[in-house]
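Engineer: attaching a predicted model along with its sequence, questions to come.
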Amino acid sequence: MGTLVGPVLSAFTTSKDRPLFRSPTASLPSSKPHLTTSRKTHHHEINTSRFGNFLHLKPESKPGCLDSDLPWFNTSDRPCFDVIIIGTGPGGLRLAEQVSQYGIKVKHEEFESTIQCDDGSELKASLIIDASGFSSSFVEYDKPRNYGYQIAHGIFAEVDSHPFDLDKMVLMDWRDSHLGNEPYLRVNNSKLATFLYAMPFDSNLIFLEETSLVSRPVLSYSEIKRRMEARLRHLGIRVRKVIEDEKCLIPMGGPLPRIPQNVMAIGGISGVVHPSTGYMVARTMALAPLVAEAIAECLGSTRMIRGRPLYHKVWNGLWPIERRLSREFCCFGMETLLKLDLVGTRNFFEAFFDLDPYYWHGFLSSRLSLHELASFSLSLFGHASNSSRLDIMSKCPVPLVRMLGNLALQVI
């Protein structure tokens, strides 16, 4: 295959898997499009903190590039490809791995797209796939990208002690008792709340993260760190060493790209981020084989389907009508969360986690069908308190009408 790749409301026991993927495809050296992408950065720190304060700790080493066994590619060796994938994040590598397994060989004639690199060279392909992240300018939209934003600051740290059960992780702790002596932070948190995520490894090693689930405009990063500092001080957690830190900003919701269009997308820029949770990586891994299969049906067939029929097939492989309708429902969920204050958010998630685990597991992992999402919404409303129902009904009619309108447009 000619493929190119370029640069406390609930606590329960769970685990995190971080799969690694390797690809035999090529990687561009200096010849790359101009792109600006946002990504998580990691630092290493070793200094001991003052009690309840870890923000002064200095990095021991600077962030480095990930090791990769992808061979360097000379753009003069082969100017034409079947598929070019821009971006070597998890989505791009996973899709490249899947596509390359089909061994497709295609002649390149009039149905091609072209990438112009910053060194002046040009690369052509039957299909160009953008996996370079949210800041890409290659993928086109018909509507304004009115994202909500999730922002978080996390540390994987060595501490003197912590109060958490070693057999459980805390998914969301919405308590604000730690802000009793912080009136400014408490007032802001009552409007735009943040929660603590905690995953202990042993009595002295723990991952802690303060998160704003969704806001528009985005909550400031300095505000997140101040709230986390106040929370750890209140919990009596003294950080001895920060092994790694995580800085996270995730655009959520907004419109889908124009479907179809000449440039295909995968990952964040394609709209697969869960609009209500910010989850994306596992879903991208699951969708990549479906997109690869759609590509193979066109470029690997004796008909050699290219041009607009190819774009239509691949885009609709990623976003069939039911998946689009399900996403509209999840966007409504995000818009609902944007309307709720701290008390409303607590009440909402109290009802959410009181549901049959099948529903809330399925919602968080994007596994519910459209019919199941409808049952989920009715069950959630039934489990909600009277005050929560009133809160949702009074604050969310506009998002509801917008969702119904978008659903009608998708069906038409």
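Structural biologist: Arrived safely, thanks for sending.

Engineer: buried set for stretch 211-219?
Structural biologist: 211, 212, 213, 214, 215, 218, 219 (16 or more other C-beta atoms under 10 Å). The way it works is simple: take the backbone N, C-alpha and C, and place the C-beta from them, glycine included.

Engineer: let me know the closest of the residues you listed to residue 159.
Structural biologist: Looking at the buried residues of stretch 211-219 and their distance to residue 159, the nearest is residue 211, at 19.1 Å (C-beta to C-beta).

Engineer: okay, and that closest one sits in which element?
Structural biologist: strand 205-215 (DSSP states H and E).

Engineer: now do the strands in the stretch 151-300 of the chain.
Structural biologist: All strands of the stretch 151-300 of the chain, identified by DSSP state E, counting those that start in this stretch, fall at 169-173, 195-200, 205-215, 239-252, 263-265.

Engineer: which of those sits most buried?
Structural biologist: strand 263-265 (a mean of 27; mean count of other C-beta atoms under 10 Å).

Engineer: which strands and helices lie in contact with that strand?
Structural biologist: Packing partners of strand 263-265 (3 or more C-beta pairs under 8 Å, 6 or more residues apart in numbering; DSSP states H and E): strand 122-130, helix 308-318.

Engineer: again, 7 Å this time
Structural biologist: Secondary-structure packing of strand 263-265 (3 or more C-beta pairs under 7 Å, 6 or more residues apart in numbering; DSSP states H and E): strand 122-130.

Engineer: partners of the strand it packs on in the sheet?
Structural biologist: strand 80-86 (parallel), strand 113-116 (antiparallel), strand 263-265 (parallel) (DSSP bridges).

Engineer: just the mean pLDDT for stretch 361-373, thanks.
Structural biologist: Stretch 361-373 shows a mean pLDDT of 93.

Engineer: can you give me the end-to-end span of that stretch?
Structural biologist: 12 Å (C-alpha to C-alpha, to the nearest Å).

Engineer: flag every buried residue along it.
Structural biologist: Within stretch 361-373, the residues that qualify as buried are 362, 363, 366, 368, 373, counting by 16+ other C-beta under 10 Å.

Engineer: and of these, the nearest to residue 297?
Structural biologist: Closest approach between the buried residues of stretch 361-373 and residue 297, by C-beta to C-beta: residue 366, at 23.9 Å.

Engineer: dump the residue contacts of that closest one.
Structural biologist: 274, 283 (C-beta atoms under 7 Å, 6 or more residues apart in numbering).

Engineer: gap between it and residue 273?
Structural biologist: 10 Å (C-beta to C-beta, to the nearest Å).

Engineer: what of residue 327?
Structural biologist: 10 Å.

Engineer: so for those two, which residue has more residues nearby?
Structural biologist: residue 273 (27 against 22; other C-beta atoms under 10 Å).

Engineer: show me the contacts for the nearest residue to the more buried one once chain neighbours are set aside.
Structural biologist: Excluding the flanking residues, the one nearest residue 273 by C-beta to C-beta, 6 or more residues apart in numbering is residue 280, at 4.4 Å. Counting by C-beta under 7 Å, 6+ apart, residue 280 touches 268, 272, 273, 274.

Engineer: please redo it, this time with the cut-off set to 10 Å
Structural biologist: 90, 91, 250, 252, 267, 268, 270, 271, 272, 273, 274, 366 (C-beta atoms under 10 Å, 6 or more residues apart in numbering).

Engineer: any idea what the fourth one is bridged to?
Structural biologist: Translated: residue 252. As for beta bridges, residue 252 partners with residue 148 under DSSP bridges.

Engineer: go ahead and confirm it touches residue 331.
Structural biologist: Yes: the criterion here is C-beta atoms under 10 Å, and residue 252 meets it with residue 331 at 8.7 Å.

Engineer: mutual contacts of the two, please.
Structural biologist: Contact criterion C-beta under 10 Å, 6+ apart; residues shared by residue 252 and residue 331: 148, 274, 275, 276.

Engineer: please identify the buried residues of stretch 298-317?
Structural biologist: Buried residues in stretch 298-317 (16+ other C-beta under 10 Å): 298, 299, 300, 305, 306, 310, 311, 312, 314, 315, 317.

Engineer: identify the farthest-apart pair in these.
Structural biologist: So, the buried residues of stretch 298-317 by C-beta to C-beta: farthest apart are 300 and 315, at 17.8 Å.

Engineer: returning to that earlier point: which one, of the strands of the stretch 151-300 of the chain, ends up nearest to residue 358?
Structural biologist: Nearest to residue 358, of the strands of the stretch 151-300 of the chain and by C-beta to C-beta, is strand 169-173 at 16.9 Å.

Engineer: and that closest one, which strands flank it?
Structural biologist: strand 10-12 (antiparallel), strand 195-200 (antiparallel).

Engineer: could you find the closest non-adjacent residue to residue 113?
Structural biologist: Residue 113 sits nearest to residue 128 (C-beta to C-beta, 6+ apart), 4.7 Å away.

Engineer: likewise residue 185?
Structural biologist: The shortest distance from residue 185 to any non-neighbouring residue, by C-beta to C-beta, 6+ apart, is to residue 179 (5.0 Å).

Engineer: okay, the nearest residue to residue 196 once chain neighbours are set aside and residue 163: tell me how far apart.
Structural biologist: In space, and not counting its chain neighbours, residue 196 is closest to residue 173: 4.2 Å by C-beta to C-beta, 6+ apart. Distance, residue 173 to residue 163, using C-beta to C-beta: 11 Å.

Engineer: same check on residue 370?
Structural biologist: With C-beta to C-beta as the criterion, residue 370 and residue 163 are 42 Å apart.

Engineer: try residue 249
Structural biologist: According to C-beta to C-beta, residue 249 stands 29 Å off from residue 163.

Engineer: could you do residue 254 as well?
Structural biologist: For residue 254 relative to residue 163 (C-beta to C-beta), the value is 38 Å.

Engineer: can you check residue 207 too?
Structural biologist: On the measure of C-beta to C-beta, residue 207 and residue 163 end up 15 Å apart.

Engineer: same check, this time on residue 288
Structural biologist: Taking C-beta to C-beta, one finds residue 288 at 40 Å from residue 163.

Engineer: go on, residue 358?
Structural biologist: Residue 358 sits at a distance of 31 Å from residue 163 (criterion: C-beta to C-beta).
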